[in-house]
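Participant: quick one: sequence and predicted model below, then my questions.
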Amino acid sequence: MNDDATDGWFSEERATFGDRLAAARDGAGLSQKDLARRLGVKLKTVVAWENDISEPRANRLQMMAGLLNVSLMWLLNGEGEGVDPPGVEPVMTQDARAILLEMRDLRGDIDRASDRLARLEKQLRKYLEGTGA
């Protein structure tokens, strides 16, 4: 194995979107079921993404990147901020990990609230257009 074997371990030519998603999810300490719940999708949807059977829509990609603390570009093509390759463990205390998980939960809540707000604004616009207000 050469020295650059871990360089770009999740690069476009070495890993798929599903591989990177699974690694980021695992690095965040989440099960597939946990990720599905936090993203508001079914478990089979996350499984399909990780198995490269299907791909998420843009809004889910953004939520995923935020929740998993990786860049959107890294999820898509392996470039940018992602997870460390196998064998490279970041030093993090249990307390820091708990805070990070709570922050990720909060970010997911904010993303869902933002999506809800956008839907409500759209409904209000349609209503106002229909009433001539």
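Facilitator: Happy to help now that I have it.

Participant: and the pLDDT at R119?
Facilitator: At R119, the model reports a pLDDT of 93.

Participant: just name the shakiest helix or strand of the chain by mean pLDDT.
Facilitator: For the chain, using mean pLDDT, DSSP states H and E, the weakest element among its helices and strands is helix 72-77, scoring a mean of 85.

Participant: residue nearest the middle of this structure, spatially speaking?
Facilitator: Centre of the chain computed as the mean C-alpha position; nearest residue by Cα atoms, centre = their mean is M64, 1.7 Å away.

Participant: which neighbouring elements make contact with the helix ranked longest in the chain?
Facilitator: The longest helix of the chain (DSSP state H) is helix 94-131. Judged by 3 or more Cβ pairs under 8 Å, 6 or more residues apart in numbering; DSSP states H and E, helix 94-131 is in contact with helix 32-39, helix 58-68. In short, each C-beta sits where N, CA and C put it, glycine included.

Participant: let's see 7 Å
Facilitator: The contact analysis (3 or more Cβ pairs under 7 Å, 6 or more residues apart in numbering; DSSP states H and E) places helix 94-131 against helix 58-68.

Participant: just say helix, strand or coil for E79.
Facilitator: coil (DSSP: H, G, I helix; E, B strand; the rest coil).

Participant: for the residue nearest to the centre of the chain, list the residues it contacts.
Facilitator: Counting by Cβ atoms under 7 Å, 6 or more residues apart in numbering, M64 makes contact with L39, P56, L75.

Participant: cool, thanks, signing off.
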